[in-house]
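Enquirer: structure here, sequence nowhere to be found:
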């Protein structure tokens, strides 16, 4: 039998009780305003956060970036850290599901109390948290996404800075090359149906490239494609396309080449956006299909791509040399094979260290944002163009050079001497960039501040 | 001939209200002891709880197994986001309208599903869960493809801050989700305590006998889909309000997560739905806390939550299919 | 005027003729027994009346009016109630809830009322009705149990309470005595005689004695056909019936009939 | 000899067999009669291992059958033809028959072939239809097929559940006759369940009358047949 | 014309694999009344084992055989460890409702799928990898045109068709096959005929496991291998099985080829992006027009 008293209580008393409970709980739960000290920074440590797909269909390749970054930070720490503070990188796996990214971001911010977010990977996933991160004033540095929407309006996202050239910039520069060199050819494109693929198409169109055949690589990135790219390649072949542009990830490029190979389709020229042109991934996937490295290297040879940094295959580049050495010594990830992703991770580690050194001992969130925005020129890296940060844009590298893979899977400049081109993410012209990259120090640590 | 009725005069609404108030009080108390991260997680629990309730109603109460509730959540999310972005509606207006949208989707799905049973229904809804998100790319100009539609809960209104002080962003997420979760709980409890719930359970147990009791079960089964879709749609709208409405927010795995939560907690009980949600949301953190003591590679620790929750699901089904809440709770005893 | 009349009913399952030219006529406040060997088509006839099997052809009149064959969920509207062979209680509902399922003829609550928890009054009414029915069937003390906790005779009582609670004018009972002990059967017969005052009853039953004791009218089915009808006493002497029951050809059936009477 | 002692079988709260005891002599036909719901089928199902008794014992030639699975009981020489011409309608006549001897195939290949031929001899109509699907047969033919399926396993004891169900009287006669001949010529022990008491008692040596899960009479068949009172009380006519 | 032929070729080699997947689903569905959502998880797992063997220098064919055996063993384990205990479970109140009894194995198989994927992630990382084909993936030349039809496709179609033929012979001509069919159709009569139904049922699981592992081995050379890559294959296989009739092995084969063609023609003539929607449309169309599939048994619903 139930308690009669509780049964006979009037509804009003319930509501008032509820109100009291509610108010009481609210009062209890009000959290005091943020303390004076900067989160994630202590006398001995700087905690940085990063989220990326470490597992799941979208993870391949990208899941090496964090290990490379951590390897570089470990190297810095082994040299005494930044002003005595060791850098700790907390990495969260969001499996490329935006619903989860919100939670991992919250964990980094609230649980791990990171000072800044560094090098996060992914466009869709980052969209889901970028507003919150910016609202909280948390530095959102060196984001691994070429989506121009993040960077071109600093008023909207004042704390977010990129780590790649935007897809549009790269596509415009490649587009100029296509216009100049393949004017008489029939051009077709296979692209991913997301921001990356579409921005690429948009950039190429801005540069005046017209496509005879435009084919989507479907939701290739979701790892759910059923039959490689047979259908797309067949259609390009049917349209007599002899210059194929690939605006998709490396596994899609590998699939496209296999599919083309299968139907005896030999386009005169493959042109691949840098994200998809990673030689190691290309060779690994084909290798597992039983294609010998020599054969896959031959398949890759002649492919045109662009890059903002030296090719990982340029063994005598001083940055490549230094990074490679650190990678060999410090990378504890499951797959530390030297490639574009590792190079990118190392470079973000280097840039982050530069920025932390540049701000000085007194490390605050607004401080580092202001410093990075104002001192892009003081932050050189392996990249062959300077950072493009300013109060007007937070795009990272606006310079790309165009190369062609040789028989040893090294991207070699198409011009006799390497020419770097630059442009903006809007309608601006493509011009040549004159930039001399400062040398790397003997200890491979940035010398700033 | 007439036996004297000994039933107590008690109102169903009042009983549900009592549950709801207890629930709200418990949440607020828990929130007050939580740090910001766990407050945000608690908000996720509240949001997904509504989605799990949709599974409880559909599968536990009326016996129709759907693996596509995530698709209905997506419908709710997209409706809301489109209204907020294109029409500038506030979320308090957009959400109820979004619920109507998802109810319509539920009606279509229910009409298709009414002919299906068991594995046919499960498989078809799974295909739906997979196919619906691809519409985002099909209707690029409106639905914005993979990038999706960014929305969020915004800031609390002035009267709120005047009354209760400035909440943190996490708290505000929680306070937005709480009334909806409370309403969902209240309504679900009402349904279960009255004729409608009894009718649905009767259909689940024996369609023929239900029909002989005057229940048009094929119509009711469609109707359950509609009701379940409103819950899923609400949950999906709130889930989208965490930052983004897009295909990667409502993947197939979300549908399976809802089902896992419902089964772990107890597929026939509201309490079970809540417990199950708490388990699936906090499990990764608990596992993290345990694994932290061991030096495990990223590879292992990343997959551990999925492994543990899958094993829990199998064990629950094999050992105690009634879940944590057990079966006794759905015997609505009236004393 | 009859409360229920069926004429020329024919049911085909694939190529198989389950019922052939079956007729039946039920007077108000009477008990009609349907007997026949296993597989004769008795339950199929019930299923036709209650909308579970679609007839190939045939007419049905209920309460003197010719109507379309009712759908199963419309039975309640025609004031017809049916028990199922093997009981058919809802395993996930308590006993009182089971009976309440049968009680809600007038639909006093609707979904919106239920949704907002405002159907307590109609629930109370339903509950009171269900309690009455349970009390009448002598099962009030079982109200809060689940069907799995009941003994077999108890489940029978509950299923009858569920059928009766809607106060039907026509009650279809499918093998109500199966599995009951002799005591229970006697009690049950009394119960039915009382019930006759309120409604017409049609019973499918194997227990021939029981049918003989209570029926006003008996129809005997064999191989989907009505082979005899009338009062039990006349029917039981019918050679065709004896043949059907004793399982011999007509000639030897007659012999045995003689032997039996001797 | 089949010996059943104090057998209790229940389904949840429903007690179907309530302390049943009787014996069936070798090479004789024993019939179990009773009204619908008396527990006759349950008795056969419990003997053949389809149901598991709550208590009591069943021994066959001195070996206890309790706890054995149905598929192993068949291997001990007990074949069960369940109610309702249990054949597999999607399989051909031949397949249905050979199914019953699959487990003997490895050891007694020649005998299996012989047994199948015997069945076609016993029921020539099946031979005509050997390639047809069982589902296309008439009720009587199906019953014959079900019995054949059981007999090819070369049982010592045949459990036969309502072979007359839904069949025309002439067919019933034919089937019962076949069983009778088999029993008399091969020494097969038969336990026959029938609702149709007169037919059953006509061929049986011994009769067991079941009511509400209890044995109420266990006597020679002729005696049982003559007892009009008993029949009136328990069979209803 | 080229595109048409290309679509036809691509559809037939894909369709063969989907037929295999559907066959695996149908065999377990008939044998145990369970739709095994974990099937392609098992295939993924055994393909990973094969991949690891090949990387460690074993021959393709050894890995091929081992993967198929592993698939079979996993099927049996699944039956013995999870599904059999489930079906032997006492009918509690929860399990007494028909709908719940049907739902529970589905949920269990989803749990197994999740566990297998997580385990594969732990063992082999999430890294996408390729899987070799035993024969060249270079198309034949037909009338001066290279068709997307390779020696490997010939291999796929040959292997699948001979597997289907052998399976059908096995079921039709052997005693064990008859026993398995009998168990699937009516397990009580089967038991009364002395057939050890637990054994034959496990055999169905083994069969289905082997068939889906074979499908995994045949499909991964054209779509890479990762813990999730075979999920879609299961969905397509399910659609194929439903289109053909869930209880008809022959229907599964027809359904597989049919769905393969639909997918191929949608990819070639429309865009691969619409494949999911096309599958959904086919599925719903079939369920509305012919709910039991092309060759499925008539709905024999009795009261």
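Expert: Looks like it came in fine. Because the structure is predicted, anything quoted here is derived from the model rather than measured.

Enquirer: residues from the stretch 101-250 of chain C in reach of chain E?
Expert: Contacts of the stretch 101-250 of chain C with chain E, taken as CB under 8 Å from any CB of the partner chain, map to C:146, C:148. In this view, the C-beta of every residue, glycine as well, is placed from N, C-alpha and C.

Enquirer: helices of the stretch 101-250 of chain C, start to end?
Expert: According to DSSP state H, counting those that start in this stretch, the stretch 101-250 of chain C carries its helices in the segments C:111-115, C:120-136, C:152-164, C:182-195, C:208-214, C:232-237, C:239-246, C:250-261.

Enquirer: which of these sits closest to chain A?
Expert: Proximity to chain A (CB to the nearest CB) singles out helix C:120-136 among the helices of the stretch 101-250 of chain C, at 12.6 Å.

Enquirer: quick one: buried residues of the closest one?
Expert: For helix C:120-136, the neighbour count (16 or more other CB atoms under 10 Å in any protein chain shown) marks C:120, C:122-136 as buried.

Enquirer: identify the residue nearest residue D:82 in space, chain neighbours excluded?
Expert: Take residue D:82 and drop its neighbours on the chain: the residue closest to it by CB to CB, 6 or more residues apart in numbering or on different chains is residue D:161, 5.2 Å away.

Enquirer: my read is that that neighbour contacts residue D:193, right?
Expert: Yes - between residue D:161 and residue D:193 there is a contact under CB atoms under 8 Å: 4.8 Å.

Enquirer: now do the shared contacts for these two.
Expert: Counting by CB atoms under 8 Å, 6 or more residues apart in numbering or on different chains, the residues touching both residue D:161 and residue D:193 are D:40-41, D:44.

Enquirer: list the buried residues for the longest helix anywhere in chain D?
Expert: Selection of the longest helix in chain D by residue count, based on DSSP state H, yields helix D:169-186. Buried residues in helix D:169-186, counted by 16+ other CB under 10 Å: D:169, D:171-176, D:178-180, D:182-183.

Enquirer: nearest to residue A:237, of the residues you listed?
Expert: Distance to residue A:237, by CB to CB, is smallest for residue D:171 among those, at 71.0 Å.

Enquirer: what ranges of the chain fall below the confidence cut-off?
Expert: Assuming you mean chain A. Along chain A, the parts satisfying pLDDT under 70 run over A:1-36, A:213-228, A:449.

Enquirer: wait, chain E was what I had in mind.
Expert: The model of chain E has pLDDT under 70 over residues E:1, E:90-96, E:126, E:297-303.

Enquirer: do that again at 50, thanks
Expert: Scanning chain E for pLDDT under 50 picks out the ranges E:299-303.

Enquirer: can you check chain D too?
Expert: For chain D, no range has pLDDT under 50.

Enquirer: kindly report the residues of it close to chain E.
Expert: Proximity of chain D to chain E, by CB under 8 Å from any CB, involves residues D:48-50, D:69-71, D:74-75, D:79-82, D:86-88, D:90-91, D:95, D:98-100, D:102-105, D:149-150, D:153.

Enquirer: got a ChimeraX select line for the buried ones in those?
Expert: Per 16+ other CB under 10 Å, the buried members of the residues of chain D next to chain E correspond to this ChimeraX selection:
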select /D:48,49,50,70,71,74,79,80,81,82,86,87,88,90,91,95,98,99,100,102,103,104,149,150,153
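
Enquirer: which ones among the residues of chain D next to chain E map onto strands?
Expert: Counting by DSSP state E, the residues of chain D next to chain E place D:79-81 in strands.

Enquirer: elements contacting the host helix or strand of residue A:404?
Expert: Per DSSP states H and E: residue A:404 is located in strand A:399-405. If you count contacts as 3 or more CB pairs under 8 Å, 6 or more residues apart in numbering or on different chains; DSSP states H and E, strand A:399-405 packs onto helix A:167-181, strand A:304-307, strand A:411-413, strand A:420-422.

Enquirer: of the ones you listed, which is nearest residue D:210?
Expert: helix A:167-181 (83.8 Å).

Enquirer: and that closest one with strand A:399-405, angle?
Expert: 60 degrees (axes from the mean of the first three to the mean of the last three CA atoms, to 10 degrees).

Enquirer: turn the ones in strands among the residues of chain D next to chain E into TSV, columns for distance to chain A.
Expert: Putting those into TSV (distance: CB to the nearest CB, whole Å) gives the following:
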residue	distance to chain A
D:79	52
D:80	50
D:81	51
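
Enquirer: tally of neighbours for residue D:130?
Expert: 14 (other CB atoms under 10 Å in any protein chain shown).

Enquirer: thought residue D:123 was touching it, still the case?
Expert: No - applying CB under 8 Å as the test, residue D:130 and residue D:123 come out as separate, 10.7 Å apart.

Enquirer: show me where chain E has helices.
Expert: Per DSSP H, chain E carries helices over the ranges E:2-32, E:39-55, E:60-78, E:84-88, E:98-124, E:151-173, E:175-185, E:187-192, E:197-219, E:231-244, E:249-269, E:275-289.

Enquirer: any idea what sits nearest the residue of chain C found nearest chain B, other than its immediate chain neighbours?
Expert: Nearest residue of chain C to chain B (CB to the nearest CB) works out as residue C:117 at 2.9 Å. The spatial neighbour of residue C:117 that comes closest, neighbours along the chain excluded (CB to CB, 6+ apart), is residue B:13 at 2.9 Å.

Enquirer: how far does the helix or strand harbouring that neighbour sit from the chain's center?
Expert: Taking DSSP H and E as the criterion, the element that holds residue B:13 is helix B:12-33. How far helix B:12-33 lies from its chain's middle: 17 Å, per CA atoms, centre = their mean, to the nearest Å.

Enquirer: same check on stretch D:86-102?
Expert: 17 Å.

Enquirer: also stretch D:195-203?
Expert: Mean-position distance between stretch D:195-203 and its chain equals 14 Å (CA atoms, centre = their mean).

Enquirer: and if you look at stretch A:322-337?
Expert: 19 Å.

Enquirer: before we move on, the earlier item: of all the helices of chain E, which lies closest to chain B?
Expert: That would be helix E:98-124 among those, by CB to the nearest CB, at 3.1 Å.

Enquirer: can you pull out the helices in chain D?
Expert: Secondary structure of chain D (DSSP H): helices at D:40-47, D:70-75, D:93-99, D:109-122, D:124-128, D:139-151, D:169-186, D:197-203, D:221-226, D:228-234.

Enquirer: turn the ones you listed into CSV, columns for distance to chain A.
Expert: Below are the helices of chain D laid out as CSV (distance: least, CB to the nearest CB, whole Å):
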stretch, distance to chain A
helix D:40-47, 43
helix D:70-75, 43
helix D:93-99, 39
helix D:109-122, 48
helix D:124-128, 50
helix D:139-151, 46
helix D:169-186, 57
helix D:197-203, 56
helix D:221-226, 58
helix D:228-234, 49
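
Enquirer: out of those, flag the one nearest residue C:188.
Expert: Minimum separation from residue C:188 across the helices of chain D (CB to CB) falls at helix D:228-234, 17.4 Å.

Enquirer: got the contact list for the one residue in chain D that gets nearest to chain B?
Expert: The nearest approach of chain D to chain B comes at residue D:12, 15.1 Å away (CB to the nearest CB). When contacts are counted by CB under 8 Å, 6+ apart, residue D:12 touches residue C:148.

Enquirer: doesn't residue C:206 make contact with residue C:178?
Expert: Yes - using CB under 8 Å, residue C:178 makes contact with residue C:206 at a distance of 6.8 Å.

Enquirer: ok, the buried residues of helix C:120-136 vs chain D, which is closest?
Expert: Nearest to chain D among those: residue C:134, at 17.8 Å, using CB to the nearest CB.
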